[in-house]
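>>> Here's a sequence, model it:
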Amino acid sequence: MTSRPGFFQRLADKATPSREEVLDSPWLKPFGKRVRQSDLWRFTRRSVPRGVFAGLFVGIFLMIPGLQIVGAAMLSIPLRANIPIAAAMTFLSNPATTPFFLIAAIALGNKLGFHADLAAFEALYSSGAGVSRWLDWLLSDAAPALITGLFLIAAVCSFVGYGVSIVVWRWWVSRKWRRRVHSNLFRRHS
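I've put the predicted structure just below:
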């Protein structure tokens, strides 16, 4: 007896493109056969945590929407990481979380000896400053603090995410095995 897929599985099947549709994208043509390797698209105990690592690192460090997914996919190739997981993990940094990451990165960079004025950052953010004002601020002493802080936060978050994903993967697999053993025992005694 086969079980019917759940609501979320049916929704995901309808909403997500197939592997073939993704691979036919003109954005991936420059990567040729490398991006078509099946291990980059399979959900395994090794590729999923690597995908979490790649997606979190690129998503936090590279704060440019659109380039995050491309960057995560490119990092997934040498890491042999799961590309869909890496792409999904980049969404941790979104318009709601980006200001927190930026403020934390600047504060961390300042603690490491760089100098970036948080009051100027908050004033630019609250006033809706244009690109030229943001670039002027970044080209001052803020860039080293911001880049160093983002790198360290991205590294820590990606290693923590890697570890958590290993634990969750093992829990999920052991749960599946227990259910399978339980259903086999139930069938034998029926």
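
>>> mean confidence for whichever helix in the chain runs longest?
In the chain, taking DSSP state H as the definition, the longest helix is helix 143-188. Across helix 143-188, pLDDT averages out at 88.

>>> same question, stretch 89-102
For stretch 89-102, the per-residue pLDDT averages 88.

>>> Give me the contact list for it.
Contacts to stretch 89-102, defined as CB atoms under 8 Å, 6 or more residues apart in numbering, come from residues 51-52, 54-56, 58-60, 63, 68-69, 71-72, 121, 125, 146, 150, 153, 157, 161. For glycine as for every other residue, the C-beta is placed from the backbone atoms N, C-alpha and C.

>>> what's the answer for stretch 68-77, then?
Stretch 68-77 is touched from outside by 27-28, 31, 34-35, 40, 50-51, 54-55, 57-59, 62, 81-83, 86-87, 89-90, 93, with contacts defined as CB under 8 Å, 6+ apart.

>>> now it: mean pLDDT?
Rounded mean pLDDT across stretch 68-77 is 88.

>>> which parts of that stretch are buried?
68-77 (16 or more other CB atoms under 10 Å).

>>> again with stretch 91-111
Buried-residue list, stretch 91-111, by 16+ other CB under 10 Å: 92-93, 101-102, 105-106, 108-110.
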